[in-house]
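> The following block contains a protein sequence and its predicted model.
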Amino acid sequence: MRAIGRWMAKRWRRICVVALLLPVLPPATIELAARLLPYPTQQAALPPPSRRVLDHAGGLLAVLASPRGEFHQPLAATPALLAAAVVAVEDRRFHQHGGIDWPGIAGALWQRAGSSGIRRGASTITMQVERLRAGQADAPRRRNLATKLIEAVRARQIELRTGKDAILREWLDRAPFGSNLTGAEAASRHWFGVAAADLSLAQAALLAGLPQRPEALRPDRHAEAARARRDLVLALMRQQGVIDEDACRQAQAEPVVIAAPARRIPGLRDVATADITARRADGMVLTTIDAALQAASSAALERLRPADLAGTLIITDLDGRVLAAAAGGGDPWCDLAAARRSPGSALKPFIYRAAFADGVCGPGSPIGDVANGWAGWRPENIDYAWRGVQSAGEALAESRNLPALELLRRIGSTRAGAELASLGIADAPAAARRAGLALVVGGIDVSPRELAIAYAGLARAAADGEPAAGDVLACLSVRERTAALSGPAAGLGIAWKTGTSSGQRDAWCCAVGASRVAVLWLGVVRGAGDARLTGATAAAPACLDLLAAIDPLPSAWTRPVPNGGPPIAAPAPLCITAPSDGVEVLGSPDGSPARLRLECSGQRGAVWWFSGTECIGQADSDGGLWWAPPPGRHRLRAVDSAGRSAGASLAVR
């Protein structure tokens, strides 16, 4: 019995020693580990800030998601009201403990040992900072006892290296606040449209409650749950003496009101393209955009654009700096200002500028608007009519196709491509060579931004005194022509040119004022045609009115167009003069094949005759050829050495 008694006494002494050491050993062990183990400093970096696009005066235009797909904006300073709300709901003894709330741990363990259903945690703000660091470093840890011990050691290390204010501010910068918002500043601006430092008490309490369950408490989707959580935070603040009863009651009475979409973080949709002047280390991107002009352009585009069409409006100064870039109707992730489309006739002014500069013709030179064809291609004017002989300036202003084709034939596609390249369309030389004469009617694709910069270059050259550029703008700013579409623009002498792509897929207007250039594009994103898409009716009136409103100074483009100049004789077209088109030929009574004389006029060099795809033969010196056609229907085609062709049909009985 004595032996048993001694054994029991010894056992109880050990139990008592262990009981006395239990409150001391874990803190001592964690303290020792925190001081001896190195801290992985690579985890301490904050999430990359979202790029903020600023206008030329430093105002916010757009916020772009970070590479992680998050919107994050670091705090400039710790907002006192929000910080107090976070401490009240997340860690009321934050300012008393050293990273680990041992009384809180004891209370949580005691509660877990009991039978109560609601369990409280013992995670401190510092431990949460460690957890957020690990999670945002793409190395999330499994949730178990070992993880808790690691977080406790790391939290103590953070406390040894960092002050309380810095820890709290880091928590506010790292915590999730619903959607893809990281950090209190981005959340405050998105949900309430104000900086975190300007939050009201009710707004601060709502934000402080979100990180517990960011998606389940989103105020835009779960307003009642967000309100209940907010009221709990306010009640805790009152219990802890942070606010008084009246302040708590007034804040709880406020409805949950989130910012209207226009006041939330803007995106790329409102800044389709911009000239970037600087990129700063803090994620800010400075641009040439004028915020007021950007807002006015976006509003104007939405007013004038039919709901089922897409559109882009670009405003530049004469130096080609983009001041506004509005887009609407397409995919918000598609930069319509940089999307290339056929410009229709909008490139004709640059062909005329090259022709004027090279002395091929002048704005007063007579030029023929008559039917012609090249290698089976017989281009038409948009009105399917011909004006005969008119001045080059008139042909440019009226956008006649055949005179422009003749000028391009004379200057060559290489010269035209170089002209476009000098104005900012980088791949124009190769594209012009591929397009050939089709360049006149939109055979190469350009973007609205490129076209705006090209017209700005044309205006800048005219302003600097270049005669050819000045003549082009003078031809395009005739007041009588402009007045039919826009009285205000006519009064200011705005120069303008439209474009309509083949199949009416795109409608353009490019307008040049005294100090601004406006380019408007309307179309269907997928490239379908639409009967409404004609540059002169769909795009020009709205574009001219807008430019007159934002650039109300009279331009210097309107002036008398010089008379005379070297004539540009339009070559006679290749025509089949015999047989007549649609004629019926009767065979000989004896059944022998009929012999026909094939004749043409306007040929250049040799002429080859074809029936369908079969070559009949080469004509003699006058372009004629004898042929005995078999019975049936035939489609004749004559092709000369210049690649031009003419056709006619006949039937042989």
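Looks like it arrived, so ask away.

> Can you give me the buried ones in stretch 297-317?
Across stretch 297-317, burial judged by 16 or more other C-beta atoms under 10 Å covers 297-298, 300-301, 304-305, 309-317. In short, each C-beta sits where N, CA and C put it, glycine included.

> do stretch 235-254 as well
Across stretch 235-254, burial judged by 16+ other C-beta under 10 Å covers 235-238, 242-243, 248, 251-252, 254.

> out of the residues you listed, which are inside helices?
235-238, 248, 251-252 (DSSP state H).

> Distance to Gly465 and pLDDT for those residues - can I get that in JSON lines?
Shown next, in JSON lines, are these (distance: C-beta to C-beta, whole Å; pLDDT from 0 to 100):
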{"residue": "Ala235", "distance to Gly465": "75", "pLDDT": "95"}
{"residue": "Leu236", "distance to Gly465": "74", "pLDDT": "94"}
{"residue": "Met237", "distance to Gly465": "71", "pLDDT": "95"}
{"residue": "Arg238", "distance to Gly465": "75", "pLDDT": "95"}
{"residue": "Cys248", "distance to Gly465": "73", "pLDDT": "94"}
{"residue": "Ala251", "distance to Gly465": "67", "pLDDT": "93"}
{"residue": "Gln252", "distance to Gly465": "71", "pLDDT": "94"}
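
> that older thread, out of the buried residues of stretch 235-254, which one sits closest to Arg597?
Nearest to Arg597 among the buried residues of stretch 235-254 is Glu254, at 96.9 Å by C-beta to C-beta.

> Not counting sequence-adjacent ones, nearest residue to that closest one?
Once flanking residues are discounted, Glu254 sits nearest to Ala202: 4.3 Å by C-beta to C-beta, 6 or more residues apart in numbering.

> Quick check: the farthest pair among the buried residues of stretch 297-317?
Taking C-beta to C-beta, the two most distant members of these are Leu309 and Asp317; they sit 27.6 Å apart.

> one step back: now do the residue nearest to Glu254 against Val242, distance only.
Using C-beta to C-beta, to the nearest Å, Ala202 is found at 14 Å from Val242.

> So which residues of the stretch 51-200 of the chain form helices?
Per DSSP state H, counting those that start in this stretch, the stretch 51-200 of the chain carries helices over the ranges 80-90, 102-113, 125-136, 145-161, 164-174, 184-192.

> among those, which is the most enclosed?
Most buried of those, by mean neighbour count (mean count of other C-beta atoms under 10 Å): helix 184-192, with a mean of 26.

> Where does the prediction get shaky in the stretch 501-650 of the chain?
Along the stretch 501-650 of the chain, segments meeting pLDDT under 70 span 561-572, 588, 591, 621-623.

> bridging residues for Ser601?
Taking DSSP bridges as the rule, Ser601 bridges to Cys575.

> ok, it to Val478 distance?
Using C-beta to C-beta, we find Ser601 at a distance of 37 Å from Val478.

> Counting neighbours, go ahead and name the busier of those two.
For Ser601 and Val478, the more surrounded residue by other C-beta atoms under 10 Å is Val478, and the numbers stand at 18 against 15.

> I figured that one hits Leu396, correct?
No: using C-beta atoms under 8 Å, Val478 is not in contact with Leu396, being 10.4 Å away.

> which residues sit against the helix or strand harbouring Val472?
Using DSSP states H and E, Val472 sits within helix 467-475. Contacts with helix 467-475, where a contact means C-beta atoms under 8 Å, 6 or more residues apart in numbering, come from 349, 352-354, 356-357, 362-363, 392-394, 396-397, 458-459, 461-462, 495, 512, 557-562.

> hang on, Pro630 packs against Val652?
Yes: counting by C-beta under 8 Å, Val652 is a contact partner of Pro630 at 6.8 Å.

> These two: which is more packed in?
Neighbour totals were compared for Pro630 and Val652, and Val652 leads with 18 against 10 (other C-beta under 10 Å).

> is the more buried one in a bridge, and if so with what?
Beta bridges link Val652 to Val585, Gly632, judged by DSSP bridges.

> May I have the residues that are in contact with it?
Per C-beta under 8 Å, 6+ apart, neighbours of Val652: 584-585, 587, 594, 629-634.

> Dump the residues you listed to JSON lines, plus distance to Asp55.
Listed next are those as JSON lines, based on distance: C-beta to C-beta, whole Å:
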{"residue": "Glu584", "distance to Asp55": "73"}
{"residue": "Val585", "distance to Asp55": "75"}
{"residue": "Gly587", "distance to Asp55": "81"}
{"residue": "Ala594", "distance to Asp55": "78"}
{"residue": "Pro629", "distance to Asp55": "73"}
{"residue": "Pro630", "distance to Asp55": "75"}
{"residue": "Pro631", "distance to Asp55": "77"}
{"residue": "Gly632", "distance to Asp55": "72"}
{"residue": "Arg633", "distance to Asp55": "68"}
{"residue": "His634", "distance to Asp55": "68"}
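
> Any of those buried? List them.
629, 634.

> Of the contacts of Val652, which is the nearest to Arg174?
Distance to Arg174, by C-beta to C-beta, is smallest for Arg633 among the contacts of Val652, at 81.1 Å.

> Might one say that that closest one is in contact with Arg653?
No: counting by C-beta under 8 Å, Arg633 does not reach Arg653; the two are 10.3 Å apart.

> Flag every buried residue along the strand or helix carrying Ala404.
Remark: Ala404 resides in helix 401-411, with elements defined by DSSP H and E. Under the neighbour-count criterion of 16+ other C-beta under 10 Å, helix 401-411 has 401-409, 411 buried.

> pLDDT (mean, whole number) over that helix?
Mean per-residue pLDDT for helix 401-411: 92.

> Check which residues of the very next helix or strand once past it are buried.
Per DSSP H and E, the first helix or strand lying C-terminal to helix 401-411 is helix 413-421. Across helix 413-421, burial judged by 16+ other C-beta under 10 Å covers 413, 415-417, 419-421.

> where in the stretch 351-500 of the chain is pLDDT low?
Low-confidence segments of the stretch 351-500 of the chain, defined by pLDDT under 70: 373-376.

> What ranges does it have for its strands?
366-369, 388-391, 495-500 (DSSP state E, counting those that start in this stretch).

> Was I right to think Leu309 contacts Val524?
Yes: counting by C-beta under 8 Å, Leu309 touches Val524, with 6.4 Å between them.

> Next, show the common contact partners of these two.
Common contacts of Leu309 and Val524 (C-beta under 8 Å, 6+ apart): 530, 533.

> and of the buried residues of stretch 297-317, the nearest to Thr500?
Scanning those for proximity to Thr500, where the rule is C-beta to C-beta, the winner is Leu309, at 14.0 Å.

> need the contact list for the closest residue to the closest one other than its chain neighbours.
The shortest distance from Leu309 to any non-neighbouring residue, by C-beta to C-beta, 6+ apart, is to Leu522 (5.4 Å). Going by C-beta under 8 Å, 6+ apart, Leu522 touches 305-306, 309-311, 506-508, 533, 538-539.
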